[in-house]
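Enquirer: Predicted model, plus sequence, below.
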Amino acid sequence: MQINLIPEKLRRLEISGRVEIVNGRGGLPLVKITTPWSTAEVYLLGAHVAGFQKNGEPPLLFMSAQSWFENGKPIRGGVPICFPWFGGRDGEPAHGLVRILPWELVEAAAATNGAVTIRLRLAKGSLKSEWAALRTELVVTVAETLTMELVATNESADKTLEIENCLHTYCQVGDIGAVSLTGLQNAPFNDFAAGAAGAGKVENDAVLRIAKETNRVYPDHTATVEIRDEKLKRLIRVEKSNSKSTVVWNPWTTQKLPDDFDPVEYRQMVCVESGNVKQNKISLAPGKATALKVVLSSYVL
């Protein structure tokens, strides 16, 4: 496979010892970030955060060993961006367009405290006419924590846009059988893996354990979710703001997936997603912006 050279305009954004731009898997442009506490990787395809790892810890984000790294195809794992819709839409890619489009790296900065921030922007004209008025950016800050902020601005003079957004975070776990989730008790949810029987449920238990195919959407849920991993002896905290929906997903062995996911990989991942989907979709007025923010942190048990 021919490897493309990194354009000079990207090279100018590199910061010695902190931000490096290389050809990643499939020859796709990849931003590699190093801080005193951690490392991270962000692909320009889809503005896709593909890695975050604190020094001395296992990776925090799960990546499928069979993921595609091809233009026009989504990357499996990490943090895909679902926008401007979530789920399926007739004749359109699942979870929106932006995760399969190239983004531009427009800024990189290293703070005096050691944190590194990069800003990516979706090029004007990338989205279809229905969404052409949207200015879309992702700001990623890497430090002892990983912070992601998806910012959408409606630049239309007179048209309100209905959008859904979601940061579809795949968390790496040692074994799904040794994982428990907290922060969801008393929250209503719909489990789409259970069909009609999964509608209108309420999370009664203080702890959620994944023991089968799970595809739960918790509407009107703004709280932090914690993932306790007894095998890796780690606690992952998913904090969010400007998010009214939480999604918990694991395909188990029963959900049919494309060949970018090995069926045995369900044991090493759980998705805790933050956004505004379905009944929590956003009506974005002309000239207004919305910013979905997620902070991932981890602690040794």
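Expert: That came through, no problem.

Enquirer: Show me the shaky parts of the stretch 101-250 of the chain.
Expert: Low-confidence segments of the stretch 101-250 of the chain (pLDDT under 70): none present.

Enquirer: can you give me the strands in it?
Expert: Along the stretch 101-250 of the chain, counting by DSSP state E, counting those that start in this stretch, strands occupy 103-110, 116-122, 134-142, 146-154, 161-163, 165-167, 170-172, 179-182, 188-191, 201-202, 214-219, 225-229, 234-241, 245-250.

Enquirer: Please name every helix or strand in contact with the last one.
Expert: Right, the one you point to is strand 245-250. strand 214-219, strand 269-276 (3 or more C-beta pairs under 8 Å, 6 or more residues apart in numbering; DSSP states H and E). C-beta here means a position set from N, CA and C on the backbone, and glycine is covered the same way.

Enquirer: so what secondary structure elements neighbour the last one?
Expert: Going back to what we said before, that points to strand 269-276. Against strand 269-276 (3+ C-beta pairs under 8 Å, 6+ apart) you get strand 165-167, strand 170-172, strand 179-182, strand 225-229, strand 234-241, strand 245-250, strand 289-300.

Enquirer: Quick check: which of the ones you listed is buried the most?
Expert: Most buried of the helices and strands packed on strand 269-276, by mean neighbour count (mean count of other C-beta atoms under 10 Å): strand 165-167, with a mean of 28.

Enquirer: quick revisit: make TSV from the strands of the stretch 101-250 of the chain and add distance to residue 268 to it.
Expert: Output for the strands of the stretch 101-250 of the chain, formatted as TSV (distance: least, C-beta to C-beta, whole Å):
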stretch	distance to residue 268
strand 103-110	27
strand 116-122	27
strand 134-142	23
strand 146-154	19
strand 161-163	32
strand 165-167	20
strand 170-172	6
strand 179-182	10
strand 188-191	22
strand 201-202	26
strand 214-219	15
strand 225-229	10
strand 234-241	13
strand 245-250	10
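
Enquirer: closest one to residue 79 among those?
Expert: Closest to residue 79 of those, according to C-beta to C-beta: strand 165-167, at 5.5 Å.

Enquirer: Mind listing the strands the closest one pairs with, and their directions?
Expert: Sheet pairing for strand 165-167, assigned by DSSP bridges, gives strand 81-82 (antiparallel), strand 269-276 (antiparallel).

Enquirer: what's the closest of the helices and strands packed on strand 269-276 to residue 114?
Expert: Taking C-beta to C-beta, strand 289-300 is the member of the helices and strands packed on strand 269-276 nearest to residue 114, at 15.8 Å.

Enquirer: Check which helices and strands that closest one sits against.
Expert: Contact partners of strand 289-300 among helices and strands, from 3+ C-beta pairs under 8 Å, 6+ apart: strand 146-154, strand 165-167, strand 234-241, strand 269-276.

Enquirer: Looking at the helices and strands packed on strand 245-250, spot the one closest to residue 181.
Expert: Counting by C-beta to C-beta, residue 181 lies closest to strand 269-276 out of the helices and strands packed on strand 245-250; the figure is 7.1 Å.

Enquirer: Can you tell me what sits against that closest one?
Expert: Under the criterion C-beta atoms under 8 Å, 6 or more residues apart in numbering, residues 62, 77, 82, 86, 164-173, 176, 179, 181, 210, 225, 227, 238, 240, 242-250, 282, 290, 292, 294 lie in contact with strand 269-276.

Enquirer: Out of the helices and strands packed on strand 289-300, which gets nearest to residue 107?
Expert: For these, proximity to residue 107 was assessed by C-beta to C-beta; strand 146-154 is nearest, at 12.9 Å.

Enquirer: Since that was my last question, I'll sign off now.
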